[in-house]
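**Q** starting from these lines, generate the structure:
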Amino acid sequence: MEHSIFFDFINTIALQIPGLNRGPMGSANPLVKGMIPAALGIMCISIGLNLLNAMIKRKMVDQDKLKRLLKETRAWQKERMAAFKSKDQEKTDELNKKSAYMNKMNMEVMQMNMRPMMITFLPLILVFYFVLPPLFSYTVAIAPISLNIIPGGFFELTCTAAKVAASQLPGNPNICHHVNDLYFWAWYFLSSASFSGIIMRVTKTTMDTS
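**A** Predicted coordinates:
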């Protein structure tokens, strides 16, 4: 999984923390009307933000150095794992002598990746919190199946039958119209996950060393 997808996942979880969000994300009277325009609009926003993140990363990170460090650390990890599986203790001990050096290199890789995130993380949260909710309705697409794979209802991507029933009660916001309606932030997350890998390859900011 690409690191940008991981941070997008963390961002969407953060929006569900009590006190950070203002209830269900979205608007009862959005500026973008209709499910198809909303879905396409959010898809374009996700592509745009991914492109912005990739461009900032290209400017701030030495891609050649990053790939060289990744290639060296991954080769060492692969060699150490092979020695461990073959029970070659002499080879394992020899490779373990380089652990401190490799840990230092891993830390440098982490710092290189975190640098652009220090710039993009806060604006992305502000976009989600202040810009997107007034623009789009609560749900913008319909999934063929339920995507709520995490038990306990902590991270729900789609509407449940209970949420649909609750939306129809007097005094409750009319959020979920159908079972498996996708919340707009969930559609952003899926769109971002789908396009981030392609964008990283096009902009040559991928973590792939091959």
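
**Q** and the longest helix for the chain?
**A** As assigned by DSSP state H, the longest helix anywhere in the chain is helix 99-126.

**Q** correct me, but residue 28 touches residue 173?
**A** Yes: with contact defined as C-beta atoms under 8 Å, residue 28 reaches residue 173; the gap is 6.2 Å. Quick note: C-beta positions are derived from backbone N, CA and C, even for glycine.

**Q** and for these two, which residues touch both?
**A** residue 138 (C-beta atoms under 8 Å, 6 or more residues apart in numbering).

**Q** what about residue 146, distance to residue 97?
**A** Here residue 146 is placed at a distance of 51 Å from residue 97 (C-beta to C-beta, to the nearest Å).

**Q** no no, residue 49
**A** Remark: distance between residue 49 and residue 97 (C-beta to C-beta) = 43 Å.

**Q** kindly report the same for residue 177.
**A** Residue 177 sits 62 Å away from residue 97, going by C-beta to C-beta.

**Q** got it, and residue 166?
**A** According to C-beta to C-beta, residue 166 and residue 97 sit 61 Å apart.

**Q** more neighbours: the two, which one.
**A** Neighbour count, other C-beta atoms under 10 Å: between residue 166 and residue 97, residue 166 has more, with 14 against 8.

**Q** isn't there a strand covering the more buried one?
**A** No: using DSSP: H, G, I helix; E, B strand; the rest coil, the assignment for residue 166 is helix, not a strand.

**Q** does it touch residue 174 like I think?
**A** No: using C-beta under 8 Å as the test, residue 166 is too far from residue 174 to be in contact (10.1 Å).

**Q** ok, residue 28 and residue 173, which is more surrounded?
**A** Set residue 28 next to residue 173 and count neighbours by other C-beta under 10 Å: residue 173 wins out with 13 against 10.

**Q** show me the contacts for residue 153.
**A** For residue 153, the contacting residues are residue 160, by C-beta under 8 Å, 6+ apart.

**Q** pLDDT at it, what is it?
**A** The score at residue 153 is 70. That number is its pLDDT.

**Q** distance-wise, check it relative to residue 175.
**A** Where residue 175 is concerned, residue 153 sits at a distance of 15 Å (C-beta to C-beta).

**Q** ok, now how distant is residue 206 from residue 164?
**A** 40 Å.

**Q** likewise residue 185?
**A** If you go by C-beta to C-beta, the gap between residue 185 and residue 164 works out to 18 Å.

**Q** looking at the two, which one has more neighbours?
**A** Using other C-beta under 10 Å as the criterion, residue 185 and residue 164 rank with residue 185 on top: 25 against 16.
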